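Participant: With the input below, show me the fold.
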Amino acid sequence: MTKLSVNINKIATLRNSRGGDVPNVVQFAIDAQGFGAQGITVHPRPDERHIRYQDVYDLKPVVHTEFNIEGNPINKFVDMVLEVKPTQVTLVPDDVNALTSNAGWDTLKHKDFLTEVIKEFKNNGIRTSIFVDPILKQIEGAKATGTDRIELYTEAFAKQYALGDYNSVKPYADCAVLATRLGMGVNAGHDLSLSNIAFFSEKVPGLLEVSIGHALVSESLYLGVENVIQMYLRKLKH
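Facilitator: Here you go, the predicted model:
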């Protein structure tokens, strides 16, 4: 069964909009796990516009499932990850001013940099994952960095699937097969939702984990958080 990691960035965005502590991101993480989530994901950015660096430290003691920290490995981020020692760190090539993640790593161009960062994390017992586009040569490049896993960037699939293009999943399936053959685990995330998650997880072999935040929180406004998490779990069970 593919694991569901709930990205709680949007909960932090809502909290920050009023300047207080409602909703409380720590309590939300506790509740999400209680409702069945098998992991918690956070993605702190340098401007701390949603998850703050302090949130990551506050969450560490309460995340008893898998704790996944995403981000661009700038010095501040690397230092925080080494202190917190999450289950997994996912490296994302975010621009400082990026609204959201919008591209995977060029694993060929940045091979040396990624190799160095990944080695540091792995030496500290932290599982590593690289955010990549569904391009076979990038999967091969990821293998050369020594990463444990890749995370397939799924925005293109989600957009095409919504238009009825079901063949848009094929590059992801091909990349998953290659990654598995090369000895890497496969994660996925970005714009996955209740409307497309079952199809994606059925068609992409060896999918270990999906990270879902924006859609899950949006769907929960109408359907309730506990109900939505359970709906995802049922769709991932096949």
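
Participant: in the chain, which ranges drop under the pLDDT threshold?
Facilitator: Flagging of the chain using pLDDT under 70 yields the residue ranges 95-102, 238.

Participant: Could you rerun that using 90?
Facilitator: Applying pLDDT under 90 to the chain flags residues 1, 46, 94-103, 238.

Participant: Can you tell me how far Gln160 is from Tyr166?
Facilitator: Remark: distance between Gln160 and Tyr166 (C-beta to C-beta, to the nearest Å) = 8 Å. C-beta: built from backbone N, CA, C; applies to glycine.

Participant: Check the burial of the nearest residue to Ser168 once chain neighbours are set aside by counting its neighbours.
Facilitator: Leaving out its chain neighbours, the residue that sits closest to Ser168 by C-beta to C-beta, 6 or more residues apart in numbering is Gln160, at 3.5 Å. Residues lying near Gln160 (other C-beta atoms under 10 Å) number 15.

Participant: mind checking the SS state of Gln160?
Facilitator: Of the three states, Gln160 takes helix according to DSSP: H, G, I helix; E, B strand; the rest coil.

Participant: what residues does stretch 43-54 touch?
Facilitator: The contact list for stretch 43-54, computed with C-beta atoms under 8 Å, 6 or more residues apart in numbering, reads 7-10, 12-13, 16, 25, 42, 55-56, 69-71, 74, 76-77, 80, 92, 94, 96, 101.

Participant: Give me the distance between it and the centre of its chain.
Facilitator: Centroid separation for stretch 43-54 versus its chain: 15 Å, with C-alpha atoms, centre = their mean, to the nearest Å.

Participant: what about the helices in the protein?
Facilitator: Here the chain has its helices, by DSSP state H, at 9-16, 25-34, 53-59, 75-84, 111-123, 136-145, 155-162, 170-181, 197-203, 214-223, 225-236.

Participant: can I get these in JSON lines with distance to Thr2?
Facilitator: Output for the helices of the chain, formatted as JSON lines (distance: least, C-beta to C-beta, whole Å):
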{"stretch": "helix 9-16", "distance to Thr2": "21"}
{"stretch": "helix 25-34", "distance to Thr2": "17"}
{"stretch": "helix 53-59", "distance to Thr2": "23"}
{"stretch": "helix 75-84", "distance to Thr2": "24"}
{"stretch": "helix 111-123", "distance to Thr2": "23"}
{"stretch": "helix 136-145", "distance to Thr2": "19"}
{"stretch": "helix 155-162", "distance to Thr2": "15"}
{"stretch": "helix 170-181", "distance to Thr2": "11"}
{"stretch": "helix 197-203", "distance to Thr2": "5"}
{"stretch": "helix 214-223", "distance to Thr2": "14"}
{"stretch": "helix 225-236", "distance to Thr2": "5"}
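
Participant: between these, which one is nearest to Thr65?
Facilitator: Nearest to Thr65 among the helices of the chain is helix 25-34 (5.3 Å), distances taken as C-beta to C-beta.
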